[in-house]
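Chemist: Take this sequence and fold it.
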Amino acid sequence: MSKPGSFSAPLLVLLLWRVGEVAEACSCSPAHPQQAYCNADVVIKAKVIGQKEVLAGSDTYGNPIKKIQYDIKQLKMFKGPNREIDAVFTAPTSAVCGVNLESDGKKEYLITGKLESDGKMHVTLCDFIEPWQSLTIAQKKGFEVRYQTGCECRIVRCASVPCSVSDPLECLWTDWIVESTVQGPQVKFFTCIKRHDDSCAWYRGAAPPKNDFMDIEDP
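Modeler: From the prediction side, this is the model:
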């Protein structure tokens, strides 16, 4: 009979396993698509035409490291190396930030990701990966042209009030406060770009209703 407050060995093992499982859970901070573009090594538009599980070496204990390889047909490169990307790699489960993509070749994706040391493109749930058709016209134009013009600027997310910018190169991202979602108008329609006085401000690239935080708009 165990003493009150003591743990049996099986229970302790179970608790340690659950702690490890929680530690491995994927957690990502919200990012504006412009931030995703500027922080990525590669930004492409592509169709996924196949997938398979592959081995990617072993960990320090000799256990095999598995990844999912998505074979892709690159349609356009917006940022990246001077060569075509034919596959992207991700972790096998969402618990470790693995990405699940439809691989029947029917859907076009906007995919941002990192280049590994061996030149392979790796993606996680923290990258900006969306069906191309779900993007607004302003977002498409952003990935094609505008976002690259704002990579010297910094987008600061306002998670609670009060909040403010501390540098002329910063744009305050207020979607969460104003719209109660991080997928608000600033994400859908705006780019943070540098002005002639070297400060940064929001620029509207499509034709949504005007918003108070807008600084510049198309003529």
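Chemist: drop to CA atoms for contacts and neighbour counts, all remaining ones
Modeler: Fine.
Chemist: need the strands for this protein, in chain order.
Modeler: Shown for the chain, the strands assigned by DSSP state E span residues 42-58, 64-79, 87-90, 108-115, 121-122, 129-131, 154-157, 170-173, 190-194, 200-204, 216-217.
Chemist: Dump those into CSV; add mean pLDDT and distance to K141 as well.
Modeler: Converted to CSV, those look like this (pLDDT from 0 to 100; distance: least, CA to CA, whole Å):
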stretch, mean pLDDT, distance to K141
strand 42-58, 93, 13
strand 64-79, 96, 11
strand 87-90, 97, 24
strand 108-115, 98, 12
strand 121-122, 97, 23
strand 129-131, 98, 15
strand 154-157, 96, 18
strand 170-173, 97, 19
strand 190-194, 96, 10
strand 200-204, 94, 11
strand 216-217, 44, 14
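Chemist: Please identify the most buried of those.
Modeler: The densest packing among the strands of the chain, expressed as mean neighbour count by mean count of other CA atoms under 10 Å, is seen in strand 190-194 with a mean of 27.
Chemist: For the nearest residue to L55 once chain neighbours are set aside, give me its contacts.
Modeler: Across the structure, with CA to CA, 6 or more residues apart in numbering as the measure, the residue nearest L55 apart from its sequence neighbours is K66 (4.7 Å). Neighbouring residues of K66 by CA atoms under 8 Å, 6 or more residues apart in numbering: E53, V54, L55, A56, G57, A91, P92.
Chemist: make it 6 Å
Modeler: The contact partners of K66, by CA atoms under 6 Å, 6 or more residues apart in numbering, come to V54, L55, A56.
Chemist: burial count for H32?
Modeler: With neighbours defined by other CA atoms under 10 Å, the count for H32 comes to 20.
Chemist: again but with N82, I slipped
Modeler: 7.
Chemist: What distance do you get for it to G119?
Modeler: For N82, the distance to G119 (CA to CA, to the nearest Å) stands at 12 Å.
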